[in-house]
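J.: sequence first, predicted coordinates after that:
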Amino acid sequence: MKQPEYLEKRKRGPALFVTLATGSGPGMGKPLMQWFVYLLVISIFCAYVAGGALSAGAPYMGVFRFVGVVAFMAYGLGHAHQSIWYGQKWSTTGNYFIDGLIYALLTAGVFGWLWPR
């Protein structure tokens, strides 16, 4: 990998990243179940962190702010490495950040609403 010929060829490009998938038909059942489990796992971690940091009776905005940050770290910040290491467009990563923010706000709202009084 340090040979000058290889380095020159690499510089010229193109670089290719390939994703291989099975030939199964398009179905929504399995991905939706996996998405639900993913949301549940993130919510469990949010509950664990918030439960250790906040007491019962914490004000809505305190719970909202705390859980919102934790949820955004889980939903949004995990995508930046795709742009850093794999050349994904930063605009795509920005869209993931926006999606993560929306999910984080929804998660924070539910936690604030249901937090023990």
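T.: Okay, I see it.

J.: the most centrally placed residue in the chain and Val49, how far apart?
T.: Among the residues of the chain, the one closest to the centroid is Tyr75, at 3.0 Å (Cα atoms, centre = their mean). Distance of Tyr75 to Val49, computed by Cβ to Cβ, to the nearest Å: 14 Å. Just so you know, the C-beta spots here come from the backbone N, C-alpha and C atoms, and that holds for glycine as well.

J.: quick one: low-confidence residue ranges for this structure.
T.: 25 (pLDDT under 70).

J.: can you pull out the helices in it?
T.: 4-12, 29-53, 60-75, 80-86, 90-114 (DSSP state H).

J.: quick one, which of the ones you listed gets closest to Thr19.
T.: helix 80-86 (10.7 Å; Cβ to Cβ).

J.: pull the distance from the closest one to the chain's centre.
T.: 13 Å (Cα atoms, centre = their mean, to the nearest Å).

J.: for that helix, packing partners?
T.: helix 90-114 (3 or more Cβ pairs under 8 Å, 6 or more residues apart in numbering; DSSP states H and E).

J.: who does the helix it packs on touch, helix- and strand-wise?
T.: helix 29-53, helix 60-75, helix 80-86.

J.: next, the angle helix 29-53 makes with it.
T.: Helix 90-114 and helix 29-53 are oriented at 60 degrees to each other (axes from the mean of the first three to the mean of the last three Cα atoms, to 10 degrees).

J.: thinking again about what came up before, rebuild the helices and strands packed on helix 90-114 as a markdown table, extending it with distance to Arg117.
T.: Below are the helices and strands packed on helix 90-114 laid out as a markdown table (distance: least, Cβ to Cβ, whole Å):
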| stretch | distance to Arg117 |
| --- | --- |
| helix 29-53 | 15 |
| helix 60-75 | 10 |
| helix 80-86 | 37 |
